[in-house]
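> Quick check, what structure comes out for this input:
(chains A and B)
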There are 2 protein chains.
Amino acid sequence: MFSGAQLSLYPMSDDFVGIITGALSALDPHRDHLRIETDDLSTLIVGPPEILFSAMRDLFVAAARSGTHCVLSATVSRGCPGEPDDPICTPAEGTLPVAPLDERIAKAVAAVKAAPETGQPVACQVSLYPLGVNQHMDEIEGCIAFLKASGVFDRPKNFCTKLSGDAGAVFATLQQAFTRFGAAASHVALDVTVSAHSPTRA
Amino acid sequence: MFSGAQLSLYPMSDDFVGIITGALSALDPHRDHLRIETDDLSTLIVGPPEILFSAMRDLFVAAARSGTHCVLSATVSRGCPGEPDDPICTPAEGTLPVAPLDERIAKAVAAVKAAPETGQPVACQVSLYPLGVNQHMDEIEGCIAFLKASGVFDRPKNFCTKLSGDAGAVFATLQQAFTRFGAAASHVALDVTVSAHSPTRA
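Here you go, the predicted structure:
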């Protein structure tokens, strides 16, 4: 199993470098569980799914504390056949999709209810891509049913679903979408955009 | 057939609103061929694949002319079973993937060579998701073979391929990746990040 994320943080500010470097210490509690590489386009974090989403949440909330309009954009992937197995990615027991859809949806909703609150409201849009699965629309529709029941559902959009709420519940919802849908051993990608302090926000 | 993109433009500047609104007129030549809707997270453009990529290129190049570090992030999709057919999306004849892989790669490379130059250098990373296809890795590997021959290949990354070069050739490469790979009638998504003026750029 190989899992990780290519993530980018975009603070809409002349001081974007300062805001990004100021937020990086939020990754410190997670560094032992992650392999991290940065270039001019994105930062790769490789590790177990549950750590990936906590790390992205903490990084984004730290940047958003600046009050600046900030966006996190990430491609999260597990089980890509082109990537080698990596022991650092071993997921926590019982977190991969092996039960019937109804049961997985109920467990995912319960996990979001138990998520810690951060005090940072965010808007988000997410697309799930279960690859190499003939019945990919069943898994996508199961995932959308979960998103609707997550407590942070906002509205459907073309090609994605919009969420809004506290960053704690929203990143927990993303984690559940990523780990509970698509076949356990299959290639799953999740494309996500999280935004805070947009001036367009109604 | 339904095709479109959810795109977001991120200028890393206190004047991000001015840069975005200043770039919007670059979409004017394409507006007759597109349906456009905007919210606080992204702008949806719906239309034929060849127009989607020209519109994104013109918008991004207009924003990058500001000299500010700017990023365009987009999810482009065609053939999603959850979307209705839309006559506005009808692709130009001969642009969808119906030939053997080798032939498609050769046509894609020729199309990139014929792309107009914009004078704006960009870095880019792209992931292609051919959904509902059992042999999805064949199409992904065919697409990667094309990217390597495109003239704007930079390097492979985890979960994506990095490109760099003139915005004209890079957006032409993205269009060819999107239209020539994955089955003609299938659901294909492409996740793309394009960046200009990054201070991290070597």
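> so where do the helices sit in chain A?
In chain A, the helices defined using DSSP state H lie at A:16-23, A:49-64, A:101-113, A:136-149, A:167-180.
> Single out the most deeply packed of the ones you listed.
Of the helices of chain A, the one with the most neighbours on average (mean count of other CB atoms under 10 Å in any protein chain shown) is helix A:167-180, at a mean of 26. All C-beta atoms are positioned from the backbone trio N, CA, C, and that covers glycine.
> can you tell if that one touches chain B?
No: using CB under 8 Å from any CB of the partner chain, helix A:167-180 never reaches chain B; the gap is at least 12.5 Å.
> for chain A, what are the low-confidence residue spans?
Low-confidence segments of chain A, defined by pLDDT under 70: A:82, A:92-97, A:132-136, A:184-185, A:201-202.
> Specify the beta-bridge partners of A:P11.
With DSSP bridges applied, A:P11 shows beta-bridge pairing to A:C70.
> That one and A:A63 touch, don't they?
Yes: contact criterion CB atoms under 8 Å: A:P11 and A:A63 qualify, at 6.0 Å.
> Geometric centre of chain A: which residue is closest?
For chain A, the residue nearest the mean C-alpha position is A:L174 (4.3 Å; CA atoms, centre = their mean).
> Identify the residue nearest A:A115 in space, chain neighbours excluded?
A:A172 (3.5 Å; CB to CB, 6 or more residues apart in numbering or on different chains).
> State whether the residue nearest to the centre of chain A and A:C124 are indeed in contact, as I suppose.
Yes: with contacts counted by CB under 8 Å, A:L174 reaches A:C124, the gap being 7.3 Å.
> Need the residues touching each of those two.
A:V192 (CB atoms under 8 Å, 6 or more residues apart in numbering or on different chains).
> what's in contact with stretch A:191-202?
Stretch A:191-202 has contacts (CB under 8 Å, 6+ apart) with A:56, A:60, A:64, A:67-76, A:120-127, A:129, A:160, A:167, A:170-171, A:174, B:8, B:17, B:38-42, B:73, B:75, B:189, B:191.
> ok, back up a step: pull up the overlap in contacts between A:P11 and A:A63.
Listed contacts common to A:P11 and A:A63 are A:19-20, A:70; contacts here mean CB under 8 Å, 6+ apart.
> Report the contact partners of A:S127.
Taking CB under 8 Å, 6+ apart, we find A:S127 in contact with A:159-161, A:190-192, B:75, B:189.
> which of those residues lies closest to A:G142?
The shortest approach to A:G142 among the contacts of A:S127 belongs to A:T161, at 12.7 Å (CB to CB).
> Tally up the residues packed near A:D85, please.
Residues within reach of A:D85, counting by other CB atoms under 10 Å in any protein chain shown, total 9.
> got it, and A:A5?
If you count neighbours by other CB under 10 Å, A:A5 ends up with 27.
> Pretty sure A:S77 is one of the things it touches, is it not?
Yes: A:A5 is within contact range of A:S77, at 7.4 Å (criterion: CB under 8 Å).
> and the nearest residue to A:I140 once chain neighbours are set aside, what are its bridge partners?
Distances taken as CB to CB, 6+ apart put A:L128 closest to A:I140, at 6.0 Å, once the chain neighbours are dropped. Note on A:L128: beta-bridge partners by DSSP bridges are A:L190.
> In this structure A:L128 contacts A:S186, no?
No: assessed by CB under 8 Å, A:L128 is found out of contact with A:S186, at 11.8 Å.
> More neighbours: which of these two?
A:L128 (24 against 17).
> Next, work out how far apart that one and chain B are.
Going from A:L128 to chain B by CB to the nearest CB, to the nearest Å gives 10 Å.
> number of nearby residues for A:G4?
Residues lying near A:G4 (other CB under 10 Å) number 28.
> cool, the one 10 residues further on as well?
A count of neighbours around A:D14, defined by other CB under 10 Å, yields 15.
> Please apply the same query to A:P100.
Using other CB under 10 Å, A:P100 has 9 other residues around it.
> Could you tell me which residues make contact with it?
Per CB under 8 Å, 6+ apart, neighbours of A:P100: none.
> now it: how far from chain B?
In this view, A:P100 and chain B are 21 Å apart by CB to the nearest CB.
> same check, this time on A:F53
The gap separating A:F53 from chain B is 16 Å, by CB to the nearest CB.
> what does A:S186 give?
Noted for A:S186: a distance of 10 Å to chain B, by CB to the nearest CB.
> these two touch, right, that residue and A:P130?
Yes: contact criterion CB under 8 Å: A:S186 and A:P130 qualify, at 6.3 Å.
> my guess is A:A149 contacts A:R104, does it?
No: using CB under 8 Å as the test, A:A149 is too far from A:R104 to be in contact (11.7 Å).
> quick one on the thing from earlier: quick check on the contacts of stretch A:191-202: which are buried?
Listed as buried from the contacts of stretch A:191-202 are A:56, A:60, A:64, A:68-76, A:120, A:122-127, A:129, A:160, A:167, A:170-171, A:174, B:8, B:39, B:41-42, B:73, B:75, B:189, B:191; burial here means 16 or more other CB atoms under 10 Å in any protein chain shown.
> tally of neighbours for the residue lying closest to A:M137 once chain neighbours are set aside?
Nearest residue to A:M137, sequence neighbours excluded (CB to CB, 6+ apart): B:P81, at 5.5 Å. If you count neighbours by other CB under 10 Å, B:P81 ends up with 13.
> Likewise for the one 5 residues further on?
Number of residues near B:D86 (other CB under 10 Å) recorded here: 15.
> How about A:E83?
That count, for A:E83 with other CB under 10 Å as the rule, works out to 18.
> Report the separation between it and A:A189.
From A:E83 across to A:A189, the span is 12 Å (CB to CB, to the nearest Å).
> any common contacting residues for the two?
Joint contacts of A:E83 and A:A189 (CB under 8 Å, 6+ apart) are A:77, B:159.
> of all the contacts of A:S127, which comes closest to B:I88?
Proximity of the contacts of A:S127 to B:I88 (CB to CB) peaks at A:F159, which lies at 15.7 Å.
> residues touching that closest one, list them.
Neighbour list for A:F159: A:127, B:4, B:6, B:75, B:77, B:80, B:83, B:189 [criterion: CB under 8 Å, 6+ apart].
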